[in-house]
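> Take this sequence and fold it.
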Amino acid sequence: MRIHFAAGTIVSAAGLIFSLTRLEWCIIIGLIAGTMALEIVNTAIEKAVDLVTKEYKPLAGMAKDLAAGAVLLYACAAVIIGLIIFIPKL
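Down below sits the predicted model:
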């Protein structure tokens, strides 16, 4: 979560520097909020799995991996969209 917060702060600062349009700001804010929300859901899934079992179970591990994978996939898509927005401004 700290890494996503730091990245969001840097992207927001870049948005101010490059004077993003309202639509671009809406997209960037949606991506930042979506990434953080998905990270919270990932943490909730991990805590719920830990609550149910302390021993290693393949399905529990898979649930945790899939939740983390969802965050990674969304973060990668957010980076690509961010590049689409910011590269032309360079």
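
> At which residues are the helices of this structure located?
With DSSP state H, the ranges of helices along the chain come out as 2-17, 22-52, 58-86.

> Show me which residues of the shortest one are buried.
Burial within helix 2-17, assessed by neighbour count using 16 or more other C-beta atoms under 10 Å, is assigned to 4, 7-8, 11, 15. For glycine as for every other residue, the C-beta is placed from the backbone atoms N, C-alpha and C.

> Out of those, flag the one nearest to residue 43.
The closest of these to residue 43 turns out to be residue 4 (C-beta to C-beta; 11.5 Å).

> Local confidence estimate at the closest one?
For residue 4, the model assigns a pLDDT of 91.

> ditto for residue 53
According to the prediction, residue 53 has pLDDT 87.

> burial measure for it, as a count.
Neighbour count of residue 53, defined by other C-beta atoms under 10 Å: 10.

> So for the protein, which residue is the most central one in space?
residue 35 (2.5 Å; C-alpha atoms, centre = their mean).

> How much space separates residue 18 from residue 64?
37 Å (C-beta to C-beta, to the nearest Å).

> What of residue 12?
Distance from residue 12 to residue 64, counting by C-beta to C-beta: 30 Å.
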